[in-house]
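Enquirer: Next input, structure requested:
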Amino acid sequence: ARHEAIPSLSKGLLWRRGDCFVPRSDANRVPSCLGAFVANLLTFPVMENDQPAADAFESMNFESIAQPYLFMAVAAGLCALFMAVTFLQSGFNKLGQYGENKAYFVSQVEQTFLKHFAGIIWPLIVLLELLSGIISLAGVVLVFINGSMDLIGLGCILSALTLICLLFGQRVAKDYAGAASLTGYFIIAVIGVIGYAWGGAF
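Expert: Numbers count the residues shown, from 1 in each chain. The predicted model follows:
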């Protein structure tokens, strides 16, 4: 079976046949090396119209394809574990000192329009943090039980949304330093989502 790659600026990074591509019918199109990861986003495989899909898959080097799946799956798991530690510690700390932390939050937003909703926003923040941490941790545990990464993906997505909510509040309160400090956490959450999308089928 023959696989041709559409020419691109990154042509030099690409491998032909099964080493870096799976057929067009597979939306993931997983590359077999990190160097071709970005290149694969710009290049698509082409199959003969009369070429049976079974023949195309028969010619694939599945051992090389499995390696990036595993790499991204491990990356997603580590990101989920990071989110679990971060949000479980933060959430339980807020519960343990609920009144004190709520008072601080109210003082932060008292000069903004959010002060009218502080009574609703605060428990929602605590709930989001706890859910993000619990789901992320459950996702890591579930991988070892049945190999499913669905909760890892959900945990990282929910963690990213929680961070966006926190970012919004800090920007509104003009706590720009605090808002900037969330950037690293958000990047890790997004890497977890990408890792799930690419490695979830491993």
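
Enquirer: Q111: what secondary structure?
Expert: coil (DSSP: H, G, I helix; E, B strand; the rest coil).

Enquirer: Give the burial count for the nearest residue to it once chain neighbours are set aside, as a bare number.
Expert: Closest residue to Q111 apart from its sequence neighbours, by C-beta to C-beta, 6 or more residues apart in numbering: A173 at 7.7 Å. Heads up, the C-betas are built off the backbone N, CA and C, glycines and all. When neighbours are counted by other C-beta atoms under 10 Å, A173 registers 19.

Enquirer: A173 reaches V109, doesn't it?
Expert: Yes: at 5.4 Å, A173 counts as touching V109 under the criterion of C-beta atoms under 8 Å.

Enquirer: Pull up the gap between F71 and I194, please.
Expert: 12 Å (C-beta to C-beta, to the nearest Å).

Enquirer: As a check, name the ranges of all helices in the chain.
Expert: 37-42, 53-58, 62-96, 98-109, 118-146, 150-172, 176-199 (DSSP state H).

Enquirer: winner for burial among the ones you listed?
Expert: Of all the helices of the chain, helix 150-172 has the most neighbours on average by mean count of other C-beta atoms under 10 Å, namely a mean of 20.

Enquirer: pLDDT on that helix, on average?
Expert: Taken as a whole, helix 150-172 has an average pLDDT of 94.

Enquirer: With stretch 194-202 instead?
Expert: 74.

Enquirer: do the same with stretch 121-130
Expert: 94.
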